[in-house]
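Colleague: Task: produce atomic coordinates for the following.
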Amino acid sequence: MTFGFAPSSAANTSTPADLYAASANPVARILEPAEWAAAGIPLLRNPRDVVSGLHARHSPRPATAVVAVLDPDERLLASASFDRRPALADGWMFRNALLAQLRRVIPHDLRRRTPVRTAVLLYCREGDGRWTEEDGAWMWGLRDACTLHGLRCGAYITLTRDGWQVLGEGRGGRRPHTDSPAEPFAVAPPPAPRAGGAASDILRRAAAR
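Modeller: Here you go, the predicted model:
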């Protein structure tokens, strides 16, 4: 089911004001899970790792959105978190908020013919894991923001008291959830010193004394 205005015989007589009113209708800026699944959104290979990593980095609480950009190997390239403003759930407003964060943390890929980086959205909210109109507005906003920034539109994930859920896919888990404590995320160890060369010879001679 697609939200919006069905075509009618009166469409040919619509005035610009009528068309503007239709495009300004927030109900038209919502996607249902079936529409989302039919849009060919790429599946995450390991959603648990993505969710755990974003939760560890941003410690989201209800009404916090975390947008992240992944490379083709699902390595995190950039991410940002922000609080949802207390206003009507509207895809256009969510699109603008997401686009502002993407522009802040990573350059666009609009010069590429085919997007190679993927944006995913983790939204922490009250309630359970079932789809809401607010989720539909976030889905619409994420898809539109990705188009305007030259990215592939990736998964939309909710984080609630029940755990996390990848909407439109049916995958989820119990942890983390809204009350989970922040966990330290893994930091790559510093590179080992290179062996060989004059410096290594000096160190070996010093150690032998």
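Colleague: which stretches of the protein form strands?
Modeller: Ranges of strands within the chain are 64-70, 76-83, 118-124, 152-160, 163-166, 171-173, based on DSSP state E.
Colleague: Any stretches of the protein with poor pLDDT?
Modeller: 1-28, 183-209 (pLDDT under 70).
Colleague: in it, which residue is closest to the centre?
Modeller: Centrality entry for the chain: nearest residue to the mean C-alpha point is Leu121, 1.9 Å, by Cα atoms, centre = their mean.
Colleague: Mind listing the residues bridging to that one?
Modeller: Assessed by DSSP bridges, Leu121 has beta-bridge partners Val67, Tyr156.
Colleague: I'd say it and Leu142 touch.
Modeller: Yes: checked against Cβ atoms under 8 Å, the pair Leu121 and Leu142 is within contact range at 4.8 Å. C-beta: built from backbone N, CA, C; applies to glycine.
Colleague: quick one: common contacting residues for the two?
Modeller: Taking Cβ atoms under 8 Å, 6 or more residues apart in numbering as the contact rule, Leu121 and Leu142 both touch Val67, Leu98, Tyr156.
Colleague: Let me know the closest of the residues you listed to Gly163.
Modeller: The closest of these to Gly163 turns out to be Tyr156 (Cβ to Cβ; 15.3 Å).
Colleague: Ala38 is nearest to which of the strands of the chain?
Modeller: Proximity to Ala38 (Cβ to Cβ) singles out strand 152-160 among these, at 12.9 Å.
Colleague: quick check: angle from that closest one to strand 118-124?
Modeller: Strand 152-160 and strand 118-124 are oriented at 10 degrees to each other (axes from the mean of the first three to the mean of the last three Cα atoms, to 10 degrees).
Colleague: Just confirm Leu151 contacts Arg112, I think it does.
Modeller: No: judged on Cβ under 8 Å, Leu151 makes no contact with Arg112 at a distance of 9.7 Å.
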